[in-house]
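Colleague: Dropping the sequence and predicted coords here.
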Amino acid sequence: MSVAGCHTVLVAGSANLDFVVTAARVPVPGETILGRDFRTFPGGKGANQAVAAARAGGASTRMLLALGNDAHAEPIEASLRAAGVKLDIVRAASEATGVAFICVADSAENAITVAPGANATLRAAHLPPLGQVSHLLLQLETPLPVVQAWAMAAREAGVVVALNAAPAATLPEELLRCIDMLIVNEGELAMLAGSDGDIDARMQSLGVECVVVTLGSRGCRAWRGGESLSQSGFAVDAVDTTGAGDTFCGTLVAALSRGEAFASALRRATAASALACTKMGAQAGMPSFDEVERLLAASIQPGHRAIASRQPSP
């Protein structure tokens, strides 16, 4: 149950600077391959989801994050502010800003290695007051005990708690009991619920009121209040899938915070995540609210290609 009259999404989690190289394919273990273009982009699951909530989801958004006192922090902070996210920054004196090393293949698939740095310094006491917050969105790139403490505090305050259980990890029952909505991909669902049975049975087995499973280009499936829902994907010419899942999470929670019906919010989040694949970079590739609106309006036209609604990257 959300706090009456409040519609702010608070994202508490990670912020990294992404070092991205493009290549024909992702190397196998022990292999060296030649890449092509190299760029840096603001990233981190928490920061990505905050940008998505504000930009694609159109919600009032705040973020709790930790950054080092280094040059890598500057583009992260600038990107969040440019998206309209209000910031609660913890400055880590002894840790560098988190970074991620990403190889993006010509197929748009990627391989990612993260060095958490300052993200690991976040603590339970850093959570800001929740009086103006309706939804808290969490991930697992910050310490698990801290994530659990934040979820418990939000539950006690009457805030809706959404957890994107990524990267995949086993979750304690105490944390699951504090979650109103769990968002996972197929691999993360298998980690939590095993691989036996169909998706609906595995979602239901987790004991969370609402579970959403993202299915990549196939869309998503959800279990909510004893009912299952499916949302098909939107066809795009994918360039980079980095941040697509984060775009889905942030947009979904933002839409719900604005009072959008659940099925409609799933459709909006799926459209936003598809558009995010059509440009390079996690946050740089995220669509605006208006771009998502145009795709939703045009999707009733047979054969519509989502990429047609976007301008090329600078």
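Modeller: Good, I have the coordinates.
Colleague: Low-confidence regions, the chain specifically.
Modeller: Regions of the chain meeting the criterion pLDDT under 70 cover residues 1-6, 300-314.
Colleague: where exactly do the helices run in it?
Modeller: Residue ranges of the helices in the chain, as given by DSSP state H, are 45-55, 73-82, 144-156, 173-176, 186-193, 199-205, 244-257, 262-276, 289-298.
Colleague: now the ones you listed in CSV, with distance to Ser230 and mean neighbour count?
Modeller: Heads up, the C-betas are built off the backbone N, CA and C, glycines and all. What follows is those, written out as CSV (distance: least, Cβ to Cβ, whole Å; neighbours: other Cβ atoms under 10 Å):
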stretch, distance to Ser230, mean neighbour count
helix 45-55, 22, 32
helix 73-82, 33, 18
helix 144-156, 27, 19
helix 173-176, 23, 14
helix 186-193, 14, 18
helix 199-205, 10, 17
helix 244-257, 15, 30
helix 262-276, 9, 25
helix 289-298, 17, 18
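Colleague: Which one, of those, ends up nearest to Ala105?
Modeller: Taking Cβ to Cβ, helix 244-257 is the member of the helices of the chain nearest to Ala105, at 14.5 Å.
Colleague: between that closest one and helix 186-193, what angle do the directions make?
Modeller: With axes from the mean of the first three to the mean of the last three Cα atoms, to 10 degrees applied, the angle from helix 244-257 to helix 186-193 works out at 70 degrees.
Colleague: any idea how far the most centrally placed residue in the chain lies from Ala276?
Modeller: For the chain, Asp246 is the residue whose C-alpha lies nearest the centre (Cα atoms, centre = their mean; 2.1 Å). When Cβ to Cβ, to the nearest Å is applied, the distance between Asp246 and Ala276 equals 8 Å.
Colleague: any shared contact partners between these two?
Modeller: Listed as contacting both Asp246 and Ala276 by Cβ atoms under 8 Å, 6 or more residues apart in numbering are 52, 282.
Colleague: thinking again about what came up before, list the contacts of the residue nearest to the centre of the chain.
Modeller: Counting by Cβ under 8 Å, 6+ apart, the residues that Asp246 touches are 45, 48-49, 52, 164, 282.
Colleague: Quickly name whichever of the residues you listed is closest to Pro143.
Modeller: Lys45 (13.9 Å).
Colleague: For Thr214, find the nearest of the helices of the chain.
Modeller: Of all these, helix 244-257 sits nearest to Thr214, with 5.7 Å by Cβ to Cβ.
Colleague: what is the orientation angle of the closest one with helix 45-55?
Modeller: Computed by the same axes, to 10 degrees, the angle between helix 244-257 and helix 45-55 is 50 degrees.
Colleague: How far away from the center of its chain is helix 244-257?
Modeller: Shown here is helix 244-257, whose average C-alpha point lies 7 Å from the average C-alpha point of the whole chain (Cα atoms, centre = their mean, to the nearest Å).
Colleague: do the same with stretch 229-242
Modeller: Computed by Cα atoms, centre = their mean, the chain-centroid distance of stretch 229-242 equals 15 Å.
Colleague: Over to stretch 20-29?
Modeller: For stretch 20-29, the distance from its own C-alpha centre to the chain's C-alpha centre is 23 Å (Cα atoms, centre = their mean).
Colleague: so which two of the contacts of Asp246 are the farthest from each other?
Modeller: Of all pairs drawn from those, the greatest distance, 13.7 Å, lies between Asn164 and Ala282 (Cβ to Cβ).
Colleague: When the two are compared, which one has more neighbours?
Modeller: Between Asn164 and Ala282, counted using other Cβ atoms under 10 Å, the more crowded position is Ala282 (33 against 30).
Colleague: List the buried residues for stretch 24-32?
Modeller: Val26 (16 or more other Cβ atoms under 10 Å).
Colleague: ok, and what's touching that stretch?
Modeller: 33, 103, 105-107, 109-111.
Colleague: what's the spacing between the residue nearest to the centre of the chain and Phe101?
Modeller: For Asp246, the distance to Phe101 (Cβ to Cβ) stands at 17 Å.
Colleague: How about Glu74?
Modeller: As it turns out, when the distance is counted by Cβ to Cβ, Glu74 lies 19 Å from Phe101.
Colleague: Contact partners for Met181?
Modeller: If a contact means Cβ under 8 Å, 6+ apart, then Met181 has 160-163, 208-212, 253 as its contacts.
Colleague: So which residues of this structure form strands?
Modeller: When assigned using DSSP state E, the strands of the chain occupy the ranges 8-12, 16-23, 38-43, 61-68, 86-92, 98-105, 110-115, 133-138, 160-164, 181-185, 210-214, 220-224, 227-231.
Colleague: would you turn those into a markdown table with distance to Met203?
Modeller: As requested, the strands of the chain are arranged in a markdown table below (distance: least, Cβ to Cβ, whole Å):
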| stretch | distance to Met203 |
| --- | --- |
| strand 8-12 | 23 |
| strand 16-23 | 29 |
| strand 38-43 | 28 |
| strand 61-68 | 27 |
| strand 86-92 | 32 |
| strand 98-105 | 29 |
| strand 110-115 | 26 |
| strand 133-138 | 19 |
| strand 160-164 | 14 |
| strand 181-185 | 8 |
| strand 210-214 | 4 |
| strand 220-224 | 4 |
| strand 227-231 | 8 |
